[in-house]
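A.B. asks: Next input, structure requested:
(2 chains)
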Amino acid sequence: MRASLLPLVTQDDVEQLVEPILHRYEDLTLVGRHLVVKPVGHVLRFIRFGNWIFDDLFNVTAVVDVTFLRYSSWATYGGRALYDNGWGSWNIYDPEEVERLRHIIEETTLPELRRVNTIDDYVAYRLDEPKPYNTFSFDTTVMAHIAITKGDFDEALSIVDAAIAKGWVDHLPTYYELLKKRDRGGLITFLRKQQARSIATLGLTDYWKPTPFPLEL
Amino acid sequence: MMPLLERHDDLAVVGRMLVLTPVRNVLRFICIDRRSNVHAFAVRTGMNLTFFNIGHWPLDGGWRLAADRGDWDIRYPESLEVLRQMIEEALPEMRRVTTIDEFAGYQTNSIRSRYRSSLHPTDLALIAIANGDLEKALSIIEAAIAGGEISSMPEYYEPLKQGDRAALLDLLREQQTRTIGELKLTKHFEPERFGLEKA
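C.D. replies: Here you go, the predicted model:
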């Protein structure tokens, strides 16, 4: 059963909504329902306009994530909902509300996203999540990956081993053997391949700016 | 998933499961499961023993095939290639598990069970029975009873105490036939002798 009395928001609606914003800024592009800040490097910054599973309320969420993880579709880990009407969803059939949403996006959200450029910026952004929703410290997958990108292999291994000990992992990650052997070249290749694949999966190839990993410098 | 089926002639589709055939005492499969979102699905491997008392597809004994971010989604064809690759990597690992002992060994050495046993004492005792080691089975079950780990006495407890091999064998065969029937695996099932019969 539908939770909302309003019609479902379509792709056309989303395009209309962001059209004036796209027009004003050169560093933005719309990929499906995701307003992406260009260029996409190790860090991916976007605003998602969409409906959640089961929930056809229209939500807008700002997301910052890293591209060297293995993606199978768009995800909103650590996403921050944009709202000022108390409960998170937007009525895009109300012109006033649409204007308010555009204003928040342009004045607050986009400047925040543009400040996140490096892997370190990403870590700081995620650590800054408000308390009950702060899941970053449990995200051992991303923490292990980040340690690898920096060449901190001992740190990465201890993160994975701790996650295994806690029963959070049910199968060894593909890079585990490389990590145990401290195979720098192998790990760089692994990260590069995984990143290229994720970029292709998300349809971001045209906006991607390949950057060396800290461990390559 | 068609390319997988073409490449591996030991794979069969049973409902939403990709089953490694033939199915003998060990059952190995990959489960492709729906999510609440119509486009999304979850994939995991599963392994179990066909003579266990199971009436539905047991999703334990394996591991999740998942990316770090996002669900598998039929709208992202690029990522399905990654999934196929993950399945290709999982298959050899599953094919290595063919006997009861390999299954038990795998479960004890898998990451999950390094810290806690994934097999219940009643399962471990049943494995010992199938292997014909009734003494070991009895000691496992007695220890579990003493430790308060057993809520209801398994069906095989009485014949086990009496050392009634014929009754135990009947019980194993009956449970296995029921499981194979419930999971609609009759076509792929090849009966295999238990250690209990050889002893």
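A.B. asks: For the nearest residue to B:Glu89 once chain neighbours are set aside, pull up the helix or strand it's in.
C.D. replies: Nearest non-adjacent residue to B:Glu89, counting by Cβ to Cβ, 6 or more residues apart in numbering or on different chains: A:Thr174, 7.9 Å away. From N, CA and C alone the C-beta is placed, and that goes for glycine too. In the assignment (DSSP states H and E), A:Thr174 maps to no helix and no strand.
A.B. asks: Thought A:Leu191 was touching A:Thr174, still the case?
C.D. replies: No: contact criterion Cβ atoms under 8 Å: A:Thr174 and A:Leu191 do not qualify, at 11.2 Å.
A.B. asks: which one of the two has more residues nearby?
C.D. replies: Each of A:Thr174 and A:Leu191 has its neighbours counted (other Cβ atoms under 10 Å in any protein chain shown); A:Leu191 has more, 21 against 14.
A.B. asks: so what's the more buried one closest to, chain neighbours aside?
C.D. replies: Nearest to A:Leu191 is A:Phe68, by Cβ to Cβ, 6+ apart, at 5.0 Å.
A.B. asks: What number of neighbouring residues does A:Asn51 come out with?
C.D. replies: Other residues close to A:Asn51 by other Cβ under 10 Å number 16.
A.B. asks: how about the residues of chain A that lie near chain B?
C.D. replies: Within chain A, the positions adjacent to chain B are A:53-54, A:65, A:69-75, A:77, A:141-142, A:145, A:164-165, A:167, A:169-172, A:174, A:197-198, A:200-202 by Cβ under 8 Å from any Cβ of the partner chain.
A.B. asks: Buried only: go through those residues for me.
C.D. replies: Using 16 or more other Cβ atoms under 10 Å in any protein chain shown as the burial test, the residues of chain A next to chain B include A:65, A:69-75, A:77, A:141-142, A:145, A:164, A:169-171, A:197-198, A:200-202 as buried.
A.B. asks: Give me the subset of these lying in helices.
C.D. replies: A:Thr141, A:Val142, A:His145, A:Ile164, A:Arg197, A:Ser198, A:Ala200, A:Thr201 (DSSP state H).
A.B. asks: And these, which is closest to A:Phe213?
C.D. replies: A:His145 (10.2 Å; Cβ to Cβ).
A.B. asks: What separation do you get for the closest one and A:Leu191?
C.D. replies: With distances taken as Cβ to Cβ, to the nearest Å, A:His145 is found 8 Å from A:Leu191.
A.B. asks: Quick check: neighbours shared by those two?
C.D. replies: Common contacts of A:His145 and A:Leu191 (Cβ atoms under 8 Å, 6 or more residues apart in numbering or on different chains): A:Phe68.
A.B. asks: Grab the most central residue of chain A for me.
C.D. replies: Against the mean C-alpha coordinate of chain A, by Cα atoms, centre = their mean, the closest residue is A:Asp65 at 3.1 Å.
A.B. asks: Now the closest residue in space to that one that isn't next to it in sequence: phi and psi?
C.D. replies: Leaving out its chain neighbours, the residue that sits closest to A:Asp65 by Cβ to Cβ, 6+ apart is A:Leu44, at 5.1 Å. Main-chain dihedrals, A:Leu44, degrees, to the nearest 10: phi -110, psi 120.
A.B. asks: if I read this right, A:Leu44 contacts A:Thr67, doesn't it?
C.D. replies: Yes: in this structure A:Leu44 lies within contact range of A:Thr67 using Cβ under 8 Å: 5.1 Å.
A.B. asks: shaky segments in the chain?
C.D. replies: Using chain A. Applying pLDDT under 70 to chain A flags the ranges A:1-6, A:52-56, A:84-88.
A.B. asks: Let me rephrase: I mean chain B.
C.D. replies: Low-confidence segments of chain B (pLDDT under 70): B:1, B:112-118, B:199.
A.B. asks: bridging residues for the residue nearest the centre of it?
C.D. replies: The residue lying closest to the centre of chain B (Cα atoms, centre = their mean) is B:Asn48, at 1.0 Å. Here B:Asn48 sits in beta bridges with B:Leu27, going by DSSP bridges.
A.B. asks: how close does it get to B:Leu183?
C.D. replies: B:Asn48 is 10 Å from B:Leu183, by Cβ to Cβ.
A.B. asks: what do the two both touch?
C.D. replies: Common neighbours of B:Asn48 and B:Leu183 (Cβ under 8 Å, 6+ apart) are B:Leu27, B:Ile54.
A.B. asks: residue contacts, A:Leu69?
C.D. replies: A:Thr141, A:Val142, A:His145, A:Gln194, A:Ser198, B:Ala67, B:Asp68, B:Arg69.
A.B. asks: what do you get if the cut-off is 6 Å, keeping everything else the same?
C.D. replies: A:His145, B:Asp68, B:Arg69 (Cβ atoms under 6 Å, 6 or more residues apart in numbering or on different chains).
A.B. asks: cool, B:Val26 as well?
C.D. replies: B:Val97, B:Phe103.
A.B. asks: Which stretches in chain A count as helices?
C.D. replies: A:11-24, A:95-104, A:110-114, A:119-127, A:140-149, A:153-165, A:176-180, A:184-201.
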